[in-house]
Each structure stands twice: as C-alpha cells, then as structure tokens.
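1. only the shape, not the letters, is given here:
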Ligand code: FAD
C-alpha cells in the first residue's frame with residue numbers, strides 16, 4: 001500500500017515582524033508558505049508614507065535575537081548592524097534632570113534599539129528570498145474556516161473577494177486578529193481584552209551640532225533614558241541618525257488637560273524641564289499636537305490552536321503593554337518554540353496519510369507549554385510600568401538621602 005504524501009501548505013496571516021519570521025521558519029522546514037498582508041508592501045518607496053507603525057523604534061532583547069539567530073540566516077547580525085546597544089537606563093530625576101545611570105547587567109548585557117520599519121522590511125525581504133515563500137499584499141483576511149482550510153480575503157484596492165486554501169493557518173495578524181475572531185467559532189476560546197487608562201505620544205530629540213559642525217547625540221546613546229514621574233513617565237531610545245525617539249506615557253486624562261501650546265510648555269516646565277532644551281520648544285509643540293495619542297491594549301487568549309489547522313502567535317495571542325519591551329521579542333520566541341515542538345513531534349514537511357497526527361500533537365503541546373509563560377510575561381509587562389515610572393526612583397532617593405546624611 002502506498003501512503004499519499006503532499007508538501008504541507010501554511011497560510012501566514014500578517015506580515016508584521018512575527019508573521020515574517022514565522023514565514024522564514026516554516027520555509028526552512030520545507031513547507032510551502034503563503035503570507036497574506038492587509039497593508040501594501042512596505043518595502044516600496046511609494047508605500048512608506050502610507051504605513052502607520054505603532055512606534056518608530058523598539059528594544060530588541062536576547063529573547064528576540066535568539067529566535068532571529070535560529071533562522072540560520074544570520075538575521076540577528078543583520079538587524080544588529082543598524083541597531084544601537086543600550087547597556088542600561090539613564091534616569092532623569094527631578095525638575096533639574098539629575099542623571100543617574102543604572103546598568104542592565106554586570107557583564108555588559110544590552111538591549112538594542114532598532115528601527116521597527118527596517119526590522120520588518122529586513123524580515124520580509126529574508127522570507128521573500130526563499131523559493132517556497134510567496135507574499136500577497138493589500139489582502140485582508142475576513143474569515144477562515146479551519147475544518148476546510150479556507151480563507152476569505154478582501155482586496156483592499158479592488159474590494160474583490162479572494163479565496164485561498166492551506167493545511168495550516170497561522171494568525172500573526174496582531175492585537176485585533178481576524179484569525180483569532182474566526183478561531184472563537186471553532187474552539188472554546190477564553191478571551192480577555194482590556195485597556196489601561198494610559199496612552200502614549202511619540203516625540204523626538206534631534207541631533208545637535210558639535211564645535212566642528214558635526215551632528216552628535218544630544219544625550220548618551222548607550223542608554224534607554226527614563227524620566228520617571230510616578231503617575232506617568234517619558235522614555236527615549238537612540239536612533240542611528242543620532243536622534244532619539246521619545247515616548248510620553250501618561251493617563252489620557254492628563255493628555256486631555258493639555259489644550260494649547262501654553263498648557264504644553266507649562267506641563268513640560270513642571271515635569272520635564274531638561275527635555276525642553278533637548279527637544280527644542282518649536283519641535284515639541286509641533287510633534288505633540290501632530291502625533292496621535294495611542295492607546296495600550298492587553299489581550300489574553302487560550303487555547304492558541306485548533307486541531308492541526310490553526311495557531312495564533314505574537315500579539316494575536318498575547319498583546320501586552322510595552323513597558324517590558326518584550327511584546328515583539330516574545331512573539332519571536334513563540335515562533336522559535338513552535339519550531340522546536342514541530343521537531344520534537346517529528347512533524348515532516350509532508351503529511352504521511354490520515355494517521356499522521358504529529359502536527360496536532362505539536363500544536364497541543366504548544367498551547368500547554370506556552371500558556372503559563374505568556375501569562376507571566378504579560379503580568380511582568382504591566383508591573384514594569386510601575387517599576388519604570390516610580391520604582392526606579394525609590395532606591396535612588398534612599399541613596400541620595402543617605403549621601404546627604406553623610
Ligand atoms: P503586528 O506588529 O501588529 O503585525 C500584525 C500584522 O498583521 C500587520 O502587518 C497588520 O497589517 C497585519 N494584519 C492585521 N490584520 C490583518 C488581516 N485581517 N489580514 C491580513 N493582515 C492583517 N515590543 C518589543 O519587543 N520591544 C519594544 O521595545 C516594544 N515597544 C513598543 C512600543 C509601543 C508604543 C507599542 C505600542 C508596542 C511596543 N512593542 C514592543 C510591542 C510590539 O509592537 C508588538 O508586540 C509587535 O509589533 C507584535 O508583532 P506582530 O507581528 O505579532 O503584530
């Protein structure tokens with residue numbers, strides 16, 4: 001008797017960082033991969049202005065780097081080439097902006113500031129180079145039927161409906177995932193969504209000119225800068241062009257109290273006086289009123305899979321607040337761990353007849369093994385907001401008090 005074998009096909013929905021990385025991992029395993037993305041191709045110059053990202057830069061940590069390295073394509077090295085290592089945090093304490101450096105580790109451990117758009121483009125390019133990966137842009141998943149392996153997508157430009165088919169559907173379509181919405185009709189999915197009362201606004205600190213007329217960083221670029229102000233905070237991450245991307249996190253109620261430029265400058269003079277000089281008043285006013293005030297959503301879901309037909313990864317499965325800098329890193333880890341389980345359960349690139357349940361077992365193991373860790377990291381992310389905006393100051397104040405008493 002001959003057993004029919006056919007190369008497995010996977011539809012990855014979403015070409016964000018996690019979807020693009022998942023495409024590389026599945027292609028490496030010999031699967032045929034089709035990635036469907038609602039946005040236009042971000043690599044094309046004409047589309048760059050159309051794409052609104054959630055942040056300009058991101059902190060990439062060893063958790064994410066390990067997954068990039070696991071592709072065997074030196075993607076960790078590629079991404080780090082344009083990243084900037086941050087070896088600690090620099091606290092800007094009090095109105096005068098008294099600086100205190102706190103290293104992340106005693107052995108020079110770093111997190112890395114990377115450009116979100118470039119990272120995403122690099123991953124799409126890496127996946128696109130593989131012969132068994134195909135990308136389709138401007139296609140929005142509307143619904144999926146996992147038992148039949150079908151996807152219904154809408155072309156954003158022509159509004160035409162496109163039907164597609166795959167053995168496995170991988171939802172990497174972010175916090176408001178359509179794959180997850182469809183999954184809810186197939187499994188008893190526990191689901192929780194919540195917003196914190198705080199939002200964020202991105203600002204910037206431009207490079208400054210030194211005595212020779214060369215551009216240089218306005219602050220130490222080896223740090224993630226934090227202005228902890230107890231109920232809110234501001235942070236800044238360095239960029240390769242010697243600017244810093246600044247993010248102001250505070251309750252929406254506080255944003256709503258700033259109506260005009262006088263209110264804004266008064267607020268900054270009270271809480272972030274040293275930053276006004278670094279940003280420049282005009283730029284601060286322009287960016288604050290132009291840039292959106294983003295909300296911060298938390299998503300929890302369980303299980304993450306349905307039979308051997310669907311799995312959700314990244315923010316689609318566990319959107320967390322950004323204060324631990326681990327949302328994307330953790331999404332990358334999802335991909336690496338899923339890949340490890342596919343090996344552990346001997347899932348081949350072709351299905352060996354109806355008695356081959358290896359994929360279903362691997363996906364079950366993923367939900368079982370990953371749930372506790374994902375719950376923990378979401379809680380740590382929330383806790384770290386209190387640590388960053390308030391906790392970091394406590395030992396400092398204690399230490400200063402001690403010094404003052406000497
Ligand atoms: P996304 O990045 O949301 O990508 C989802 C993709 O799916 C998008 O391309 C989208 O267009 C596409 N899509 C959506 N719906 C559909 C559909 N129906 N059909 C087809 N395609 C679809 N994480 C870190 O690790 N470090 C940090 O420093 C960090 N900083 C952050 C700062 C801020 C202000 C915020 C808000 C988040 C931060 N994060 C950080 C979290 C990080 O942004 C996310 O965890 C990460 O983007 C998740 O990647 P993803 O690919 O799962 O989802």
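-> Structure received. Bear in mind the structure is a predicted one, so any value in this text is a computation, not a measurement. Numbers count the residues shown, from 1 in each chain.

2. what's the distance between the nearest residue to residue 115 once chain neighbours are set aside and residue 114?
-> In space, and not counting its chain neighbours, residue 115 is closest to residue 57: 5.6 Å by Cβ to Cβ, 6 or more residues apart in numbering. C-beta here means a position set from N, CA and C on the backbone, and glycine is covered the same way. Relative to residue 114, residue 57 is positioned 6 Å away (Cβ to Cβ, to the nearest Å).

3. and for residue 123?
-> 11 Å.

4. looking at these two, which has the bigger crowd around it?
-> Just comparing residue 123 and residue 114: by other Cβ atoms under 10 Å the higher neighbour count belongs to residue 123, 27 against 24.

5. tell me who's in contact with the residue nearest to that one when sequence neighbours are not counted.
-> Leaving aside its sequence neighbours, residue 123 sits nearest to residue 20 (Cβ to Cβ, 6+ apart; 3.6 Å). For residue 20, the contact set (Cβ atoms under 8 Å, 6 or more residues apart in numbering) comprises 35, 120, 123, 124, 126, 127.

6. model confidence for the residue in the stretch 151-300 of the chain that the ligand sits nearest to, exactly?
-> Closest to the ligand within the stretch 151-300 of the chain is residue 174: 2.7 Å, counting by Cβ to the nearest ligand atom. We note a pLDDT of 98 for residue 174 in this prediction.

7. that one reaches residue 16, doesn't it?
-> Yes: using Cβ atoms under 8 Å, residue 174 is in contact with residue 16, at 6.0 Å.

8. common neighbours of the two, please.
-> Common contact partners of residue 174 and residue 16 (Cβ under 8 Å, 6+ apart): 314, 315.

9. the stretch 151-300 of the chain: strands as residue ranges?
-> Counting by DSSP state E, counting those that start in this stretch, one finds strands in the stretch 151-300 of the chain at the ranges 161-165, 168-171, 190-205, 208-209, 215-216, 223-228, 233-238, 244-251, 294-302.

10. most tightly packed of those?
-> Mean neighbours per residue, mean count of other Cβ atoms under 10 Å, is largest over those for strand 168-171, with a mean of 28.

11. so what touches that one?
-> 8-14, 19, 22, 26, 144, 146, 149, 151, 177-180, 183, 308-313, 316-317, 359.

12. check contacts around residue 127.
-> 20, 21, 23, 24, 27, 33, 35, 133, 135.

13. try residue 215
-> Here residue 215 is in contact with 207, 208, 209, 242 (Cβ under 8 Å, 6+ apart).

14. tally of neighbours for the residue in the stretch 1-150 of the chain positioned nearest to the ligand?
-> Relative to the ligand, the nearest point of the stretch 1-150 of the chain is residue 16 (2.1 Å; Cβ to the nearest ligand atom). If you count neighbours by other Cβ under 10 Å, residue 16 ends up with 25.

15. wait, it sits on residue 172?
-> Yes: in this structure, residue 16 is within contact of residue 172 by Cβ under 8 Å, at 6.3 Å.

16. show me how far stretch 140-156 is from its chain's centre.
-> 24 Å (Cα atoms, centre = their mean, to the nearest Å).

17. again with stretch 286-302
-> That offset, for stretch 286-302, works out to 13 Å (Cα atoms, centre = their mean).

18. what of stretch 72-81?
-> 17 Å.

19. which residues of the chain lie near the ligand?
-> Listed as neighbours of the ligand in the chain under the rule Cβ under 6 Å from any ligand atom: 13-19, 36-39, 54-55, 58-59, 140-141, 172-174, 178, 200, 247, 314-315, 322, 325-329, 331.

20. mark which of these are part of helices, please.
-> Among these, DSSP state H puts 17, 18, 19, 178, 315, 327, 328, 329, 331 in helices.

21. from residue 16, how far out is the last one?
-> The spacing between residue 331 and residue 16, counted by Cβ to Cβ, is 8 Å.

22. who touches both of these two?
-> Joint contacts of residue 331 and residue 16 (Cβ under 8 Å, 6+ apart) are 172, 314, 315.

23. picking that back up, among the contacts of strand 168-171, which are located in strands?
-> Among the contacts of strand 168-171, the members found in strands (DSSP state E) are 9, 10, 11, 12, 13, 144, 151, 310, 311, 312.

24. may I see those organised as a markdown table, with neighbour count added?
-> Shown next, in a markdown table, are the ones in strands among the contacts of strand 168-171 (neighbours: other Cβ atoms under 10 Å):
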| residue | neighbour count |
| --- | --- |
| 9 | 18 |
| 10 | 23 |
| 11 | 26 |
| 12 | 31 |
| 13 | 31 |
| 144 | 27 |
| 151 | 25 |
| 310 | 26 |
| 311 | 27 |
| 312 | 28 |
